[in-house]
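Participant: Predicted coordinates and the sequence they were generated for:
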Amino acid sequence: MADAVLNQLSAANIFDLRGVVAVVTGGGTGIGLMISSTLLANGATVYIIGPNQVDLDKVAGIYNEAAEKTGRPGRVYGLAGDVRSKSEALRLADEVGKREKHVTALFNNAGVLAGVSAHPTANTAEAFRSAYLDAITPEHFANSLNTNAVGPYWLTFAFLPLLEKWKAYESGNRRFAPQVIMTSSMNGWTKDINTAGRSYPYMFSKAAIGQATATLAHELLPLGIRVNGIAPGLFQTEMTAPGTADAVGQSHIPEGAKQEFEVPATQPALVQGGRAPYGGSNRDMGSLALFLVGNWFVNGETVLIDGGTMLLHPSSY
């Protein structure tokens, strides 16, 4: 009997995602690509959503070719769409529904950082107004809030019927529970704008989606659909290292790059085993995504994955 228990508890069994269908917004770049490539590597069918079909097809082609060469059953497919739009959310759910009988997990991951404020030039009201008011436009807030917080609301409810269908998959004999996973940020809780790329629109939007995670989890209890969140700190993405993406879409923060905040877990003395020189890696993010998909018992929680940054900087997390 013990051998059966050990087999059940092996990573190969717990994280065997064959049969899983996942949708990842922003899944062709950055943290979204870290998530989608990990799900693919473990057997899932993954739909990545982004603004440009050509770019999505390119990424999907690269990873599908690699999956085929290595005998992995997972595949990834691109769907272009505007995640800020209610009508687009409904259309995207309809498109996935034409191809799949169900969705196991929806990752509301797409995000933008806009409206960056420079440091005030002096400790005067005029200097603060110049930095935080004059340089910021209503469009900065509208785009940030609609992409990072409002869009996930539309998408969550648009995909509910497909998520609910997963409960009846194979007459209820399923290995995973339906779930929505939000990408918030450590900056939904920070009190230091320096950790948020000096963007109040970004901070406000990430705080909103962090709160939405818990409230939507409560709301969806009668449906048996969980809602959890991921709150990343500094990761190697196009947002943090623009123009550094390599041939397989992975960005790389240059060694020695300076940030306006500290990340204790990735200081040079602790770097080992191929980890990122600074900030989190695809393995860090991918293993968290696997945990959330594989676990049945977590609901309404947002997992902070920031390398200890919020231990050094003031926050309410």
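Facilitator: Done, it's in.

Participant: which stretches of the chain form strands?
Facilitator: 21-25, 45-50, 75-80, 105-108, 179-183, 226-232, 302-305 (DSSP state E).

Participant: so residue 213 touches residue 302, yeah?
Facilitator: Yes. The pair formed by residue 213 and residue 302 meets the contact definition of C-beta atoms under 8 Å, at 5.4 Å. For glycine as for every other residue, the C-beta is placed from the backbone atoms N, C-alpha and C.

Participant: list the residues that contact both of the two?
Facilitator: Common neighbours of residue 213 and residue 302, using C-beta atoms under 8 Å, 6 or more residues apart in numbering, are 182, 184, 228-229.

Participant: In CSV, list the strands of the chain along with mean pLDDT.
Facilitator: Below are the strands of the chain laid out as CSV (pLDDT from 0 to 100):
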stretch, mean pLDDT
strand 21-25, 98
strand 45-50, 98
strand 75-80, 98
strand 105-108, 98
strand 179-183, 98
strand 226-232, 98
strand 302-305, 98
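
Participant: Of the ones you listed, which stretch is the most buried?
Facilitator: strand 105-108 (a mean of 30; mean count of other C-beta atoms under 10 Å).

Participant: helices or strands up against that strand?
Facilitator: In terms of contacts (3 or more C-beta pairs under 8 Å, 6 or more residues apart in numbering; DSSP states H and E), strand 105-108 is packed against strand 21-25, helix 30-41, helix 151-158, strand 179-183, helix 282-294.

Participant: and it, how far from the chain's centre?
Facilitator: 8 Å (C-alpha atoms, centre = their mean, to the nearest Å).

Participant: Pull up the pairing partners for that strand, direction included.
Facilitator: Paired strands of strand 105-108, with direction, are strand 21-25 (parallel), strand 179-183 (parallel) (DSSP bridges).

Participant: which one of these lies closest to residue 155?
Facilitator: Across the strands paired with strand 105-108, residue 155 has its closest neighbour in strand 21-25 (6.7 Å, C-beta to C-beta).

Participant: between that closest one and helix 30-41, how many degrees?
Facilitator: Here the directions of strand 21-25 and helix 30-41 differ by 170 degrees (axes from the mean of the first three to the mean of the last three C-alpha atoms, to 10 degrees).

Participant: can you give me the angle strand 21-25 makes with strand 45-50?
Facilitator: 10 degrees.

Participant: Run the chain-centre distance for strand 21-25.
Facilitator: 10 Å.

Participant: burial measure for residue 120, as a count.
Facilitator: For residue 120, the neighbour count with other C-beta atoms under 10 Å is 15.

Participant: so it touches residue 126, yeah?
Facilitator: No. Assessed by C-beta under 8 Å, residue 120 is found out of contact with residue 126, at 9.1 Å.

Participant: ok, residue 138 to residue 146 distance?
Facilitator: Residue 138 sits 12 Å away from residue 146, going by C-beta to C-beta, to the nearest Å.

Participant: the more surrounded of those two?
Facilitator: residue 146 (18 against 9).

Participant: buried sites along the biggest helix by length in the chain?
Facilitator: Using DSSP state H, we find that the single longest helix of the chain is helix 200-219. Within helix 200-219, the residues that qualify as buried are 200-210, 212-214, 216-217, counting by 16 or more other C-beta atoms under 10 Å.
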